[in-house]
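Pasted the sequence and its predicted model underneath.
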Amino acid sequence: MNRYPPIAEHGMVGDLQTAALVASDGTVDWWCTPRFDSPSVFASLLDSERGGYCRLAAEFPDGNGMSVRQLYLSDTAVLVTRFMAPGGVGEVADFMVPDDSPTASGVHRLVRVVRVVRGRLPFVLSCRPRFDYGRAPHTLERTDERSVTFRGPGTDLHLQSSPGVGLHPDGDDISARFTLSTGEAVAIVLTSTPGGDPAPPPPTLDGAADALERCRGFWLSWLRSCTYRGRWQDIVNRSAITLKLLTYAPTGAPIAAATMGLPEQIGGERNWDYRYTWIRDASLSVRALIDLGFQKEAHAFRRWLRDRIEARTTPSADPLQIMYRVDGDPRLSEENLDHLEGYLGSRPVRAGNAAADQLQLDIYGEASDALMVGGDIGAIRGWQALTDVLDWLADHWDQPDEGIWETRGGRQNFTYSRLMTWVAFDRGVRAATAFSRPADTARWTATRDAVFREIVGRGWHEKRRAFVQHYDTDVLDASLLLMPKVGFLSPHDPDWLSTLDAMGEELVSDSLVYRYDPTASPDGLRGSEGTFNLCSFFHVEALARSGRLNQARHAFDKMLTYANHVGLFAEEIGPSGEQLGNFPQAFTHLALVTAAMALDEELDKEQFRPGSGDHRHPVTHGLTPPTAGPGGDGTGG
């Protein structure tokens, strides 16, 4: 087993309540159950010795000429790992049958079907669960040679095989070796249940085949709702499936990523827990989901969001906090798991997220926009709760906060936070007027206009000719790439184009975009980080909307080369093109989708505007400083 495979060397499978990562060598090295945010049973990705894993792979000494390939069955979440060796070709199909019901389940099943399609291959199985992030011991109970149970604290893990594989105790763990010839297959099934529940019946090959068809059929049927028919169908479909896999079906709450603790810098301390629902990330996904045709998912999250607004159960007594557990619980206390060495020694490994206590005022703008997109403002009580939120925001909008990037270097007057408070009041005024709903629209309008004047007056840096991160700095910030997207200004506004040029010179490295420069704007953390895929795709969209289509398309095409072998993205890209941070990250895939749709829309318009658009060569542009065009709009000539 590769001690620490690259972050990118994984695919993900899930059942819409849990998710597991499968490395390209056939190792399940991450699985939390019965929920995304539950303690792990497999976490060797964070500690190869203590974390636990389940490996199922073809076995040859030192590889012996064997190569491995991994792929998804087209338009599904069935992950296939293929082993090609001198003796033959075999494969392991990993999947979990999705449960899209609104009822949370304590039973989750990871199915691994092994078959040989050519020749004859030996396989090895090694199952070493480590409960509660590797902190809790377990006992092993063996029912027969095909069925064993690992009993942990509150959760049991049942390992069972179809006929043809004998499971042998290895201390408190299990191992097995078996050989298959052409046409032969076996099924290995891992089932997590509440502690003390009886084991399910051992699997059969026919049962496993039926389960695989149910899984495949679910995804193919689900994708039929997708209305996207653009130029990047495959990667958009893969991103849509990834976003669905990262959504907790019982509540409709999407999580930020399937993992925790994966580093933004190898050996660094920027190792966060992303298995929760961020108001910002999830709210920004609503419009994209609706545009893709996934109305059900968009409405499910909006119901979840309205429940949070109506509940007002935050410890701070503010109307909302920046993140919640998938069931809406606002308590996310952070602890360091000091017994884990971290991915490639990247410590500390954090479980929970103390940033939940931060003040980030931008979330009210994203939430308001999500609730009102598509002309649906929901139930009367939901509107009343939202008006209470906007009335509260009218009293608190001018406070310094920690900002979108959750910095731990103190509060500032972040321009992005002000931008999104402007959005909150703008959407509120529009909805109240359009639907004749009771609201203090005079106050909201006055506050919206005051926010606008403040951003223009204090968020604009005259010397830099750009909008900047906060009022007391000249540092640029890629979050402001959303300024035209939210309607604050036109994508062709000269002040916006000069901001876009400044970002291009300072934050963009080829197609890759940094959030900001932490050396110029200390964020309270040691070390550096990679470029943010989210920002890179936001940059593509901003370029496209500003009419710089050649640059936008070239940047988008290059960004797609950073996807892993099955089309997944982590949070960041490192200096050598490696993926860094938690994986796969929903926000990245959301931004990819919105960038693709924006590019499609603008390219389609361009076909009907002969002679217009950005004619700069996408490779050579940037070798010379940008110059203002004849119209003085900074678009070049």
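All right, it came through fine.

only C-alpha atoms for contact and neighbour calcs from this point on.
Noted.

Sketch out the low-pLDDT regions of this structure for me.
Flagging of the chain using pLDDT under 70 yields the residue ranges 1-2, 61-64, 374-378, 521-528, 609-637.

Now do stretch 98-110: distance from first to last residue.
11 Å (Cα to Cα, to the nearest Å).

repeat for stretch 473-483
The first and final residues of stretch 473-483 sit 18 Å from each other (Cα to Cα).

what's next to that stretch, contact-wise?
Contact with stretch 473-483 is made by 404, 415-416, 419, 461, 464, 466-469, 489, 500, 502-503, 506-507, 513-517, 520-521, 535, 538-539, 542, as judged by Cα atoms under 8 Å, 6 or more residues apart in numbering.

Mind jotting down where the helices sit in the chain?
Here the chain has its helices, by DSSP state H, at 131-134, 205-223, 233-245, 279-292, 295-311, 363-372, 380-396, 415-434, 441-454, 494-506, 533-545, 549-560, 586-606.

Can I get the third one in PDB? Just the C-alpha atoms.
Taking Å, rounded to 0.1, in the frame of the first residue of the first chain, the C-alpha atoms of helix 233-245 are listed here in PDB:
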ATOM      1  CA  GLN A 233     -20.900  18.100 -21.000                       C
ATOM      2  CA  ASP A 234     -18.700  15.400 -19.400                       C
ATOM      3  CA  ILE A 235     -16.900  17.600 -16.800                       C
ATOM      4  CA  VAL A 236     -20.100  19.400 -15.900                       C
ATOM      5  CA  ASN A 237     -21.900  16.100 -15.400                       C
ATOM      6  CA  ARG A 238     -19.100  14.900 -13.200                       C
ATOM      7  CA  SER A 239     -19.200  18.100 -11.200                       C
ATOM      8  CA  ALA A 240     -23.000  17.800 -10.800                       C
ATOM      9  CA  ILE A 241     -22.700  14.200  -9.600                       C
ATOM     10  CA  THR A 242     -19.900  15.300  -7.100                       C
ATOM     11  CA  LEU A 243     -22.100  18.100  -5.800                       C
ATOM     12  CA  LYS A 244     -25.000  15.600  -5.300                       C
ATOM     13  CA  LEU A 245     -22.700  13.100  -3.600                       C
END
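
quick check: angle from it to helix 295-311?
Taking axes from the mean of the first three to the mean of the last three Cα atoms, to 10 degrees, one finds helix 233-245 and helix 295-311 inclined to each other by 40 degrees.

before we move on, what about the last one?
Computed by the same axes, to 10 degrees, the angle separating helix 586-606 from helix 295-311 equals 130 degrees.

what about helix 586-606, distance to the chain center?
Computed by Cα atoms, centre = their mean, to the nearest Å, the separation of helix 586-606 from the middle of its chain amounts to 17 Å.

same check, this time on the shortest one
On the basis of Cα atoms, centre = their mean, helix 131-134 sits 23 Å off its chain's mean C-alpha point.

for that helix, packing partners?
Packing partners of helix 131-134 (3 or more Cα pairs under 8 Å, 6 or more residues apart in numbering; DSSP states H and E): strand 40-42.

The strand it packs on pairs with which strands, parallel or anti?
strand 27-32 (antiparallel) (DSSP bridges).

contacting residues around the strand it pairs with?
Contacts to strand 27-32, defined as Cα under 8 Å, 6+ apart, come from residues 1, 18-23, 38-45, 52-57, 259.

How about stretch 165-174?
With Cα under 8 Å, 6+ apart as the test, stretch 165-174 has contacts from 125-129, 138-140, 145-148, 161, 175-178, 186.

and it, how far apart are its ends?
Stretch 165-174 stretches 12 Å from its first residue to its last (Cα to Cα).

returning to that earlier point: mind giving me the ChimeraX command for buried ones among the contacts of strand 27-32?
Per 16 or more other Cα atoms under 10 Å, the buried members of the contacts of strand 27-32 correspond to this ChimeraX selection:
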select :18,19,20,21,22,23,39,40,41,42,43,44,45,52,53,54,55,56,57,259
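
The contacts of strand 27-32 in strands, which ones?
Residues of the contacts of strand 27-32 located in strands (DSSP state E): 19-23, 40-42, 53-57.

List only buried entries from the contacts of stretch 165-174.
Buried subset of these (neighbour count, 16+ other Cα under 10 Å): 125-129, 138, 140, 146-148, 161, 175-177, 186.

Of those, which belong to strands?
Those of the buried ones among the contacts of stretch 165-174 lying in strands (DSSP E): 125-128, 140, 147-148, 161, 175-177, 186.

Generate a markdown table for those residues, with distance to residue 202 as supplementary columns.
Shown next, in a markdown table, are those (distance: Cα to Cα, whole Å):
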| residue | distance to residue 202 |
| --- | --- |
| 125 | 17 |
| 126 | 18 |
| 127 | 17 |
| 128 | 19 |
| 140 | 17 |
| 147 | 7 |
| 148 | 10 |
| 161 | 6 |
| 175 | 17 |
| 176 | 16 |
| 177 | 18 |
| 186 | 12 |
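
Quick check: of these, which lies closest to residue 364?
Of all those, residue 364 sits closest to residue 128, with 44.5 Å by Cα to Cα.

Let me see the contact set for the closest one.
42, 52-54, 173-174.

And those, which is closest to residue 293?
Minimum distance to residue 293 across the contacts of residue 128 is 35.1 Å, recorded for residue 42 (Cα to Cα).

Okay, the closest one and residue 568: tell me how far apart.
21 Å.

same deal with residue 26?
Look at residue 26 and residue 568: by Cα to Cα, they are 17 Å apart.

ok, now residue 242?
Distance of residue 242 to residue 568, computed by Cα to Cα: 8 Å.

which neighbours do those two share?
Taking Cα under 8 Å, 6+ apart as the criterion, residue 242 and residue 568 both touch 584, 589.

my guess is residue 294 contacts residue 228, does it?
No - if you go by Cα atoms under 8 Å, residue 294 and residue 228 don't touch, sitting 10.4 Å apart.

List the buried residues for stretch 596-607?
Buried residues in stretch 596-607 (16+ other Cα under 10 Å): 596-600, 602-603, 606.

before we move on, the earlier item: can you tell me which of the contacts of residue 128 is nearest residue 449?
Ranked by distance to residue 449 (Cα to Cα), these are led by residue 42 at 52.0 Å.

quick one, what contacts residue 214?
Contacts of residue 214 (Cα under 8 Å, 6+ apart): residue 97.

Name the nearest residue to residue 99, ignoring sequence neighbours.
Distances taken as Cα to Cα, 6 or more residues apart in numbering put residue 15 closest to residue 99, at 5.8 Å, once the chain neighbours are dropped.

Bridged to residue 85, which residues?
Judged by DSSP bridges, the bridge partners of residue 85 are residue 88.

Any figure for the gap between residue 68 and residue 217?
Residue 68 sits 26 Å away from residue 217, going by Cα to Cα.
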